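# give me coordinates for this.
(2 chains)
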Amino acid sequence: MLDNLEAVARRSAPAVQQWAVRGVADISEDLTLRQGVAQAPSRSRDAGAMVTVVDRGGMGYAATSDLSDAGMKAAFAQATELAHAVAGKTVFDYSQLPVAAPQGSYRSPVQKPLGGAGLKARLELLAATNAATKLDERIVDWMATLWTIESQQLLVTGDGGRAEQHFSLVIPNVQATASVNGVTQTRSAHGQYNGFCQQGGLEVLDRAAFATDGPRVAREALELAMAPQCPSGEMDVILMPDQMMLQIHESIGHPLELDRILGDERNFAGTSFVTLDMFGSYQYGSELLNVTYDPTRSEQLASFAFDDDGTAAERQFIIERGMLKRPLGGSISLARAKTMRADIEGVATARSSSWNRAPIDRMSNLNVEPGTSSLADMIASIDHGVLMRTNCSWSIDDSRNKFQFGCEYGQVIRNGRLAEVVRNPNYRGISATFWRSLAMVGDASTFEVMGTPFCGKGEPSQVIRVGHASPACKFSKVAVFGGEA
Amino acid sequence: MSTTRKDTFEALAQAVCQPTAGTDRVTLYLHAEDSDFIRFNRAAVRQATHVTQGFATVAVVQGSQRIEASRSLTGRVAEDVAALLSDRAELIASLADVPDDPYLLLPDEVSTSSRHETGTLPSPEALVIAATAAARGLDFVGFYAGGALVRAFADSRGSRHWHHVESFHFDWCLYQQADKAVKTAYAGTHWDADEFARRMATGAQRLPLLALEPRKLSPGAYRAYFTPTAMNELLGTLAWSGFGAQSRRTGTSSLSRLEHRDAQLHESFHLKEDTAGSIAPAFTAEGFAKPASVSLIESGRAADTLNSPRSARQYKLAANGANAQESPEALSLAPGKLREADVLAALDTGLYVSNLWYLNYSDRQACRMTGMTRFACFWVEGGKLVAPLGVMRFDDSFLRMFGEGLLDLTDTAEMVPESGTYRERQLMSVTTPGALVSGWKLTL
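Predicted coordinates for the structure are as follows:
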């Protein structure tokens, strides 16, 4: 769908200081099978381009799905008009931006192409998974879903840059709701909001154990419906990777976004307790905490070669041995930040949700690196605590400090052993101190690649795909509580 | 040609929504906009964007089989017609692979509706001049979104629905220090530069109070007044799974206890889905005409549910204009008797909660919510605003807060339009009075 975009862009571009055209073409399919009934399959083809113009110190964007010569010329004219309208009234003299001229390409690793199985076969797979989830009459709702996306992105710039990237994304889920004696509980494969989401082809379904996971999900829903409430009190917790992903996301990722630190998001998504002066000197967590921006893990949801402003992506430590090193900021925010602190460094993570939104600072793949502890050793180290799996509730203040998170599934740890299952496990804390209570980090055997397709932020609002990989982690002296009797 | 024009949509509908071999019914749903987005930080422009977009969904139905495909439109009619006809042909060919859907429900009636409102909106240049001038010397951060917005539906049986508005939504914060700010909104269809300047000035007048040392509160139970903006957050969270027939039938609704009469809200609590009094379209993406209103809570007791066509068929209910997610688009809470001018006196000592933030359930079955205070919240003593509050977390049951805890609602309801612009500008709103509540539980 973007075959002619580069040629059209180059012959449509006006004489301005800098310009770029970023085309996005997505083909997706959404399948849902609930209680044995397939809902209408939904397909989508979405193609368009965002034009960026920098001129007279101003910057303007214009988005269009008319990729003809006339459409592109109209978008260039609108972007130029906006650049001139805001010139002299912007947060930064955009004529000072470094030139972007990316050269290269990226393609998701795919073993089994998404089109390899027909619609009928895909629906039959969902039907079999869904049927296996209905263990007995106490399962009152059960669902299997499969969302697949093929995305082509092409960035061309007036300085000769060209970056072409092809992404193949697979997002499966299995969910069961059990009701026992008036208690209703929902369990999902790795989160009701698609915590398991990866790049690849249909082999992602194998990695998700999609075909065989239904009985496990239903069995655990039943366990929860018959379980007592999570105990309350200060205790040690072990967070498994499908909760760690949320913990990383909310209390490391968002506060380190450079545009929040610069104040851009204060009207909506919020600010940050982190300030520019903290990089290089602030102990964010215990010495066990190592966090990377890692666009190179090929199966992870937000791996890529270039961000949407054309900056080449390289793996970097964001936090190393607990020390805060660099923010999540793309080229524009970095240029602004350098006027305040010249030695600040960022990462290639200016991204947009699609062709109709301008790039802003986002998380991409943000991971906690594995440590050396086995899960067995972590459990054995706890006299009284709770192991928690799978996020289902999240809330944090607008400076990304005071948080409260809830999980689907809890299991009491007593005298170094896993004990009874508990429902509604919740915990709360403060980001600025929580990561310093990181007491053990799981080894590679506990490491799992998770993510979310639904990270919201920005004005205009954008939902973007983010990857989070993590081992299991132990935190000491956490405020834990359950639900109401 | 813009996809927000009615003649463009009619040309697409005429071509695509024809009786076609291999299908009983063809439907076309359009959502399109022509928008200016301008975001500001520190009284200057951060990003200025113009977006022209239109998305059309073609669905084909044969018996109880249905399949749909969406695509972005170019705005060039001949090309879009060809693409949509291609989609239609592919869908018809795929119907053979689609199982029967016993819960498929489509409108029996052929219906039409039209709402076409034009507005007076500022040019981006004028908007930037007005905002940067009014914000001079202030730590101003905000976001303007405005332009034409369309929802439209057609089918091969002759139904036609059209909803077009030209509107704007501008909200901004004036920051005093750290996370302390006055948030203000100005939304409508006819831009008035004087009104914008007046609202900016009114917000600035409240800044000195935010400069005072913030009051630090201990966890505990407090008397609190929630502005309509804060109420919007509470009701918006309730809308997340609270009212849908599916969530009620599967026991996952946050209002299951209300439905089972295990709990009751205050008798002055009357809540409805009020499409007629809102900015939402009067039709659904499937072509159902929406009723003027659906009562959801009456005198504190559960009333009707939002029934999507699918739930209606599955649970043998009447469909009542709900979307597929069964989420409300035009919630309206009836006002009470407390005069706006008497709010602080009635509160006496407690919290004036202007804004809440990032709400979620901590125990969905118990309708227990958690969230944060934000922006300009104040400690009140003797009916006077005394000091701003440091941000605090609450964790409390909505059923308690608006059951035994509800003291009064203000006598005027305010419409709070949805300001989110995920994928597109929105037409949802919540209309609500303010509320005075006792024993609100703060935890951190």
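# please name the residues that touch residue B:422.
Taking Cβ atoms under 8 Å, 6 or more residues apart in numbering or on different chains as the contact definition, residue B:422 lies against A:456, A:461-463. Using the backbone N, CA and C atoms, a C-beta is placed for each residue, glycine as well.
# show me the strands in the stretch 51-200 of chain B, by range?
In the stretch 51-200 of chain B, the strands defined using DSSP state E, counting those that start in this stretch lie at B:65-72, B:112-116, B:139-155, B:160-177, B:180-188.
# dump those strands to JSON lines, plus mean neighbour count, distance to residue B:354 and mean pLDDT.
Listed next are the strands of the stretch 51-200 of chain B as JSON lines, based on neighbours: other Cβ atoms under 10 Å in any protein chain shown; distance: least, Cβ to Cβ, whole Å; pLDDT from 0 to 100:
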{"stretch": "strand B:65-72", "mean neighbour count": "23", "distance to residue B:354": "39", "mean pLDDT": "98"}
{"stretch": "strand B:112-116", "mean neighbour count": "13", "distance to residue B:354": "33", "mean pLDDT": "96"}
{"stretch": "strand B:139-155", "mean neighbour count": "24", "distance to residue B:354": "16", "mean pLDDT": "98"}
{"stretch": "strand B:160-177", "mean neighbour count": "21", "distance to residue B:354": "11", "mean pLDDT": "97"}
{"stretch": "strand B:180-188", "mean neighbour count": "20", "distance to residue B:354": "7", "mean pLDDT": "96"}
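# include distance to chain A when you put those strands into TSV, please.
TSV is the format used below for the strands of the stretch 51-200 of chain B (distance: least, Cβ to the nearest Cβ, whole Å):
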stretch	distance to chain A
strand B:65-72	4
strand B:112-116	23
strand B:139-155	4
strand B:160-177	5
strand B:180-188	7
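# relative to residue B:252, which of these is closest?
Proximity to residue B:252 (Cβ to Cβ) singles out strand B:65-72 among these, at 25.4 Å.
# rewinding a little: save the strands of the stretch 51-200 of chain B as a markdown table, and put in distance to residue A:130 too.
As requested, those are exported to a markdown table (distance: least, Cβ to Cβ, whole Å):
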| stretch | distance to residue A:130 |
| --- | --- |
| strand B:65-72 | 18 |
| strand B:112-116 | 37 |
| strand B:139-155 | 30 |
| strand B:160-177 | 34 |
| strand B:180-188 | 43 |
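# got phi/psi on residue A:79?
phi -60, psi -40 (degrees, to the nearest 10).
# give me the pLDDT value at it.
Here the pLDDT value assigned to residue A:79 is 98.
# same check on residue B:1?
Note on residue B:1: pLDDT of 66.
# sorry, back to before: of the contacts of residue B:422, grab the buried ones for ChimeraX.
Entered in ChimeraX, the line below selects the buried ones among the contacts of residue B:422, by 16 or more other Cβ atoms under 10 Å in any protein chain shown:
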select /A:461,462,463
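# ok, the contacts of residue B:422 vs chain B, which is closest?
Distances from chain B to the contacts of residue B:422, taken as Cβ to the nearest Cβ, are shortest for residue A:461 (4.3 Å).
# can you pull the contacts of the closest one?
Residue A:461 sits next to A:268, B:420-423 when contact means Cβ under 8 Å, 6+ apart.
# re the thing from before, where strands are concerned, which of the contacts of residue B:422 count?
Filtering the contacts of residue B:422 for membership in strands, criterion DSSP state E, returns A:456, A:462-463.
# could those residues be laid out in a markdown table, adding distance to chain B and pLDDT?
As requested, those are exported to a markdown table (distance: Cβ to the nearest Cβ, whole Å; pLDDT from 0 to 100):
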| residue | distance to chain B | pLDDT |
| --- | --- | --- |
| A:456 | 7 | 97 |
| A:462 | 7 | 98 |
| A:463 | 6 | 97 |
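# helix or strand: which one has the residue nearest to residue A:97 when sequence neighbours are not counted?
With Cβ to Cβ, 6 or more residues apart in numbering or on different chains as the criterion, residue A:97 has its nearest non-adjacent residue at 5.7 Å, and that residue is residue A:335. Element membership for residue A:335, per DSSP states H and E: helix A:331-338.
# in that helix, what's buried?
A:331-337.
# looking at the contacts of residue A:461, spot the one nearest residue A:483.
Taking Cβ to Cβ as the measure, residue A:483 sits nearest to residue B:420 out of the contacts of residue A:461, at 28.9 Å.
# list the contacts of residue 69.
As the question left the chain open, I've gone with chain A. With contact taken as Cβ under 8 Å, 6+ apart, residue A:69 is in contact with A:8, A:11-12.
# hmm, no, I was thinking of chain B.
Counting by Cβ under 8 Å, 6+ apart, residue B:69 touches A:42-45, B:57-59, B:87, B:90-91.
# tell me which of those fall in helices.
Residues of the contacts of residue B:69 located in helices (DSSP state H): B:87, B:90-91.
# residues near residue 207, how many?
With no chain named, the answer covers chain A. By the criterion of other Cβ atoms under 10 Å in any protein chain shown, residue A:207 has 15 neighbours.
# oops, wrong one, chain B.
A total of 18 residues lie near residue B:207 under the criterion other Cβ under 10 Å.
# that one against residue B:176, yeah?
Yes - under the criterion of Cβ atoms under 8 Å, residue B:207 makes contact with residue B:176 at 4.9 Å.
# overlap in contacts of those two?
Taking Cβ under 8 Å, 6+ apart as the criterion, residue B:207 and residue B:176 both touch residue B:182.
# now do residue A:223 against residue A:139, distance only.
Using Cβ to Cβ, to the nearest Å, one obtains 12 Å as the distance from residue A:223 to residue A:139.
# could you say which helix or strand holds residue A:20?
Following DSSP H and E, one finds residue A:20 within strand A:18-34.
# elements contacting that strand?
Packing partners of strand A:18-34 (3 or more Cβ pairs under 8 Å, 6 or more residues apart in numbering or on different chains; DSSP states H and E): helix A:5-12, strand A:42-55, helix A:69-86, helix A:119-133, strand A:139-157.
# before we move on, the earlier item: which of the ones in strands among the contacts of residue B:422 sits closest to residue B:258?
Nearest to residue B:258 out of those is residue A:456 (Cβ to Cβ; 28.8 Å).
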